[in-house]
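Asker: let's see this in three dimensions:
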Amino acid sequence: MKSLTRTEKLGYSFLVLLFSIGIYYANTNLEFFDTSYAQEDGFAEYGTAFMLLSIFLLLFSRLFKLWSVKSATWRFGMFIMGLVFLFGAGEEISWGQRIFNIESSEYFIEHNAQKETNLHNMVVDGTKINKLIFSQILTLVLVIYLIILPVIYRRFDGIKKLVDMFGVPISKWHHTIAFITATVLILAMPSTRKWELYELAFGVIFLLIFLNPLNKYIYKKR
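Answerer: Next up is the predicted model:
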């Protein structure tokens with residue numbers, strides 16, 4: 001714990017509290033867990049959007065701050081990553097549709113599983129985009145990024161140079177361990193609403209990674 005920053009300690013303490021309460025209610029009062037603790041438009045969903053938006057703001061603040069001293073590839077990487085997290089934040093809350101009480105267009109009413117203005121609940125030829133892309137493909141990306149990439153980054157100089165060139169932050173081992181632990185705990189919960197907590201944990205862990213990655217020097221002027 002001594003090697004962790006104060007922010008990391010706060011982040012992990014929050015995750016411990018989040019999962020402790022979640023596990024308790026998921027196993028003792030499933031109705032409360034589903035309809036209150038992990039409900040639609042609840043603190044977990046908005047918390048996830050806040051975390052993803054925070055990462056976007058962090059990336060773009062670094063992008064503007066270091067624009068004149070960094071390479072085009074670094075700027076490109078930061079820009080694309082920022083857009084990805086902005087997109088994730090917007091999708092999480094259906095781009096503010098429910099907040100501002102905006103009606104969906106006929107297209108989304110017809111093709112969206114929840115009749116909302118977002119892409120991850122779209123249904124194409126009977127297949128939910130959320131299940132195909134935002135579950136299966138995203139899971140593969142997370143495994144590669146949090147488990148495989150940190151290993152090959154440490155072992156191969158060519159990979160290290162390429163990753164640093166595009167400004168991609170590499171997770172430390174405690175970030176990877178936190179992700180694996182959260183995954184195991186989520187899989188053990190007997191609720192279909194548990195994924196809201198998993199998304200929030202994802203947001204917290206990724207914010208910690210981007211704040212203090214293994215290759216933090218990629219954010220320094222040089």
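Asker: now do the helix or strand where residue 110 lies: which elements does it pack against?
Answerer: Taking DSSP states H and E as the definition, residue 110 sits inside helix 106-111. Helices and strands touching helix 106-111, as assessed by 3 or more Cβ pairs under 8 Å, 6 or more residues apart in numbering; DSSP states H and E, are absent. Where C-beta positions appear, they are placed from N, C-alpha and C, glycine not excepted.
Asker: what pairs with the helix or strand following that helix, and is each one parallel or antiparallel?
Answerer: Remark: after helix 106-111, the chain's next helix or strand is strand 123-124, criterion DSSP H and E. According to DSSP bridges, strand 123-124 forms sheet pairs with strand 127-128 (antiparallel).
Asker: what about residue 48, neighbour count?
Answerer: 23 (other Cβ atoms under 10 Å).
Asker: ok, residue 7 to residue 13 distance?
Answerer: 11 Å (Cβ to Cβ, to the nearest Å).
Asker: hmm, back to that, what residues sit buried inside the helix holding residue 110?
Answerer: Neighbour-count burial for helix 106-111, with 16 or more other Cβ atoms under 10 Å as criterion, is recorded at residue 108.
Asker: do stretch 41-61 as well
Answerer: Neighbour-count burial for stretch 41-61, counted by 16+ other Cβ under 10 Å, picks out 44-45, 47-56, 58-60.
Asker: outside of that stretch, which residues touch it?
Answerer: 36-38, 78, 81-83, 85-86, 88-90, 92-93, 98, 196-197, 199-200, 202-204, 206-207, 210-211 (Cβ atoms under 8 Å, 6 or more residues apart in numbering).
Asker: now, which of those lie within strands?
Answerer: Among the contacts of stretch 41-61, no member is found in strands (DSSP state E).
Asker: which among the residues you listed end up buried?
Answerer: The buried subset of these - by 16+ other Cβ under 10 Å - is 37-38, 78, 81-82, 85-86, 88-90, 92-93, 196-197, 199-200, 202-204, 206-207, 210-211.
Asker: identify the residue spatially nearest to the residue nearest in space to the middle of the chain, adjacent ones excluded.
Answerer: Nearest residue to the geometric centre of the chain (Cα atoms, centre = their mean): residue 203, 3.8 Å. Distances taken as Cβ to Cβ, 6 or more residues apart in numbering place residue 51 nearest to residue 203, at 2.9 Å, with adjacent residues excluded.
Asker: pull the contacting residues for residue 17.
Answerer: Applying Cβ under 8 Å, 6+ apart, no residues qualify as near residue 17.
Asker: how about it, phi and psi?
Answerer: Here is the backbone geometry of residue 17 (degrees, to the nearest 10): phi -70, psi -40.
Asker: cool, residue 104 as well?
Answerer: Main-chain dihedrals, residue 104, degrees, to the nearest 10: phi -80, psi 150.
Asker: pretty sure it sits against residue 116.
Answerer: Yes. If you go by Cβ atoms under 8 Å, residue 104 and residue 116 touch, sitting 6.0 Å apart.
Asker: mind picking out the helix or strand in this structure with the poorest mean pLDDT?
Answerer: helix 129-131 (a mean of 63; mean pLDDT, DSSP states H and E).
Asker: any idea which residue of the protein is furthest from its center?
Answerer: Residue farthest from the centre of the chain, counting by Cα atoms, centre = their mean, is residue 106 at 29.8 Å.
Asker: per-residue pLDDT, it?
Answerer: We have a pLDDT of 79 for residue 106.
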